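> Structure of the sequence below:
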Amino acid sequence: MLKLSNFLSNVTMAVGQSKGQTLLPYPPPEAFDEDNLPEQEREYLLETSVVQWTKKIEGVLETDPDHAIKQGRYPDGLAEIEFWKAKAQDLNSLLDQLTSDKMNAVLETLKQMNSFFAAQVFNSCFPSSSKVRAVIVFLCVCRIFS
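Alright, predicted model coming up:
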């Protein structure tokens, strides 16, 4: 079951990458099956999903506008504005996913199980999204005056 779940998670993430998005994989339905799985196994399945989410969120947060320069290319200022717009769009998409009913069900279930993973997800993403929006506003003002 875990191998199938990992496979489906990887497919979900690959589909998202092919569309230029970061998609967070939903845990397998068995993770919510209180009747057929012990709580410890259900918690493991849910926490595994949250760990994957955290890695994907950290990957988005670690993207760097200087990446092109480090590769020997020298983009103009408009490229940086586009980078920050794309990053904000990706972070907003992550926020939308994290606040969806499905993801809230995962986080609520983990809270009921007294897992510390639930709070970790929100602490990873929410503060950075507002910082990115501030950078975009600043860069757009710079673009107006350039």
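> From what I see, M113 and E39 are in contact.
Yes - in this structure, M113 is within contact of E39 by CB atoms under 8 Å, at 6.6 Å. (Each C-beta comes from the backbone N, C-alpha and C, glycine too.)
> neighbour-wise, which of these two wins?
M113 (15 against 11; other CB atoms under 10 Å).
> Which phi and psi values does that one adopt?
According to degrees, to the nearest 10, the main-chain angles of M113 amount to phi -90, psi 0.
> Skipping adjacent residues, who's closest to it in space?
Counting by CB to CB, 6 or more residues apart in numbering, E43 is the residue found nearest to M113 once chain neighbours are left out, at 5.0 Å.
> Pull out the buried positions in the helix or strand containing E58.
Assigned by DSSP states H and E, E58 falls within helix 39-62. Residues of helix 39-62 classed as buried: 42-43, 45-50, 52-54, 56-57, 60-61 (neighbour count, 16 or more other CB atoms under 10 Å).
> with those residues in mind, which one is nearest to V11?
Of all the buried residues of helix 39-62, Q52 has the smallest distance to V11: 12.6 Å, by CB to CB.
> What residues of stretch 20-33 count as buried?
For stretch 20-33, a neighbour-count test (16+ other CB under 10 Å) marks T22, L23, L24, P25, Y26, P27, P28, A31 as buried.
> Ramachandran coordinates for M103?
Phi and psi for M103, reported as degrees, to the nearest 10, are phi -70, psi -40.
> Now that it has come up, it's in contact with D96, right?
No - using CB under 8 Å, M103 is not in contact with D96, being 9.4 Å away.
> Can you list the low-confidence ranges for this protein?
By pLDDT under 70, the low-scoring segments of the chain are 1-6, 8-10, 12-18, 68, 117-146.
> Cheers, nothing more for now.
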